[in-house]
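[1] Structure for this input, please:
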Amino acid sequence: MLAITATVASCSKDDDIAKVSGNKYESTYVKITATVNGVEKINEFEGVAKLKENGLYLKVQFKEDKTFWIYQETEEDDVYDWDEIGTWTQKDSKITISVDDETLEATVDGSKLIMKLEISDMEGKKLAVEGDTDTGTIEWHFNKI
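    Here you go, the predicted model:
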């Protein structure tokens with residue numbers, strides 16, 4: 001099972017509900033938490049260069065036509081295009097993103113975006129930690145661009 005949670009936060013007033021329509025966000029920090037052989041391990045990556053080096057750099061876009069797009073780039077500057085991966089809706093401060101058979105929840109409040117990807121079936125997946133990973137969470141922090 002795969003679940004992504006996104007949260008957007010800023011210093012704006014609570015009654016100022018940020019709209020994500022048409023906005024792009026760039027990842028600036030990633031925290032990976034994984035349970036490896038029953039022990040929790042945490043890895044953190046900060047800065048665009050470090051994220052690209054580890055294949056964790058992302059951009060996301062909430063298009064006005066309600067499609068959700070994602071872009072990934074590596075340190076080697078491999079060419080990646082924007083890919084439409086789902087749709088989104090927003091009601092007040094809550095964003096719901098639909099990707100394939102999954103529903104992802106988000107909360108928006110300004111220009112900072114936090115997106116969590118929870119993975120319960122780790123077969124064949126690596127989370128930048130050593131050992132056999134049982135479960136894990138990847139938490140991306142984004143800035144509006």
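[2] Can you tell me the element the residue positioned nearest the centre of the chain falls in?
    Nearest to the geometric centre of the chain sits residue 115, at 3.7 Å (Cα atoms, centre = their mean). For residue 115, the element it lies in under DSSP states H and E is strand 112-119.
[3] Buried residues, that strand. List them.
    Within strand 112-119, the residues that qualify as buried by neighbour count (16 or more other Cβ atoms under 10 Å) are 112, 113, 114, 115, 116, 117, 119. Using the backbone N, CA and C atoms, a C-beta is placed for each residue, glycine as well.
[4] any idea how far residue 37 is from the last one?
    Same thing as residue 119. According to Cβ to Cβ, to the nearest Å, residue 119 and residue 37 sit 16 Å apart.
[5] Surely the residue nearest to the centre of the chain is in contact with residue 106?
    Yes: using Cβ atoms under 8 Å, residue 115 is in contact with residue 106, at 7.2 Å.
[6] going on from the worst-scoring helix or strand of the chain on mean pLDDT, what's the next piece of helix or strand?
    Ranked by mean pLDDT, DSSP states H and E, the weakest helix or strand in the chain is strand 2-9, scoring a mean of 50. Note on strand 2-9: by DSSP H and E, the next helix or strand toward the C-terminus is strand 24-36.
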